[in-house]
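structure for this input, please:
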Amino acid sequence: MTSQELEAIIGDVGLPDQAIQSDELPWVPQGERVWFKPLRFDLTSGRWVNLIRMTGDGRVNRHRHSGGQVLGYCIKGSWRYLERDWVARPGTFVYEPPGDIHTLVLEEGNDEMITLFILEGVIQYLDDDDNVIYQDDIFSKLERYLRYCREHGIEPKDLRY
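Residues are numbered from 1 along each chain as shown. Reported below is the predicted structural model:
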C-alpha cells in the first residue's frame, strides 16, 4: 500500500488531527473541590480525556472503573489512592486496570493537584458495601460539560470527534 492510499483510507475512516487549547476550556465542577476540564469526547470508542483538578480536602470518592482501562499523568501537585502505597507526583504515569477500586485524595501537605486522565467505560461510585450509588460515563460527562456551558453563557468547544 502506498502512502497516498493509506492517507486516503485514514481520510475516509479516521478522525482529523486536532489541537485543543486547554486554557480556552472551563473547569467544570465535578464534586466539592474537584473539577474537570474536558479535552476530548470520542463517541466512537467511548473514551474521554480530561484534566482533573483538586484542591484542599477534595476527593474523588471510592469508585471502580468498569469496561476499560484508565491512564493518568500527574502534572501538578501530588495525590494518592487511599488503597495504595504509592504517591503520584509531577511526572508520574499511572495505569489502572478495568475493575480497579480506589479513592483519590491529595497527598498530605499539598493544596492542589492537576492530572491528565484518559478513561474508557464507566466509573461506578461505591458505598462501603460495594453497592453502586452513582456512575459516570462519556455521555454523563459530556452532558455535565454542555449544561455548565449553557448555564454560564460559554460557547462549548466541539470535543466530540
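
would you double-check that E143 falls in a helix?
Yes. According to DSSP: H, G, I helix; E, B strand; the rest coil, E143 belongs to a helix.

for L39, see how far away it is.
The spacing between E143 and L39, counted by Cβ to Cβ, to the nearest Å, is 17 Å. The way it works is simple: take the backbone N, C-alpha and C, and place the C-beta from them, glycine included.

okay, those two: which has more neighbours?
Set E143 next to L39 and count neighbours by other Cβ atoms under 10 Å: L39 wins out with 19 against 10.

buried stuff in the helix or strand hosting C74?
Element membership of C74 [criterion: DSSP states H and E] is strand 70-76. Residues of strand 70-76 classed as buried under the neighbour-count rule (16 or more other Cβ atoms under 10 Å) are 70, 72, 74.

what about the closest residue in space to the first one that isn't next to it in sequence, how many residues nearby?
In space, not counting the residues next to it along the chain, V70 is nearest to E96; the distance is 4.0 Å by Cβ to Cβ, 6 or more residues apart in numbering. Counted with other Cβ under 10 Å, the neighbours of E96 add up to 18.

which phi and psi does E96 have?
E96 adopts backbone torsions of phi -120, psi 120, taken as degrees, to the nearest 10.

just the helices in the chain please.
Using DSSP state H, the helices of the chain run over residues 3-13, 138-151.

where among those helices is the average confidence lowest?
The minimum mean pLDDT among the helices of the chain belongs to helix 3-13 (a mean of 65).

what's opposite L71 in the beta bridge?
The partner list for L71 in beta bridges (DSSP bridges) reads Y95, I118.

surely it touches F93?
Yes. Judged on Cβ atoms under 8 Å, L71 makes contact with F93 at a distance of 7.5 Å.
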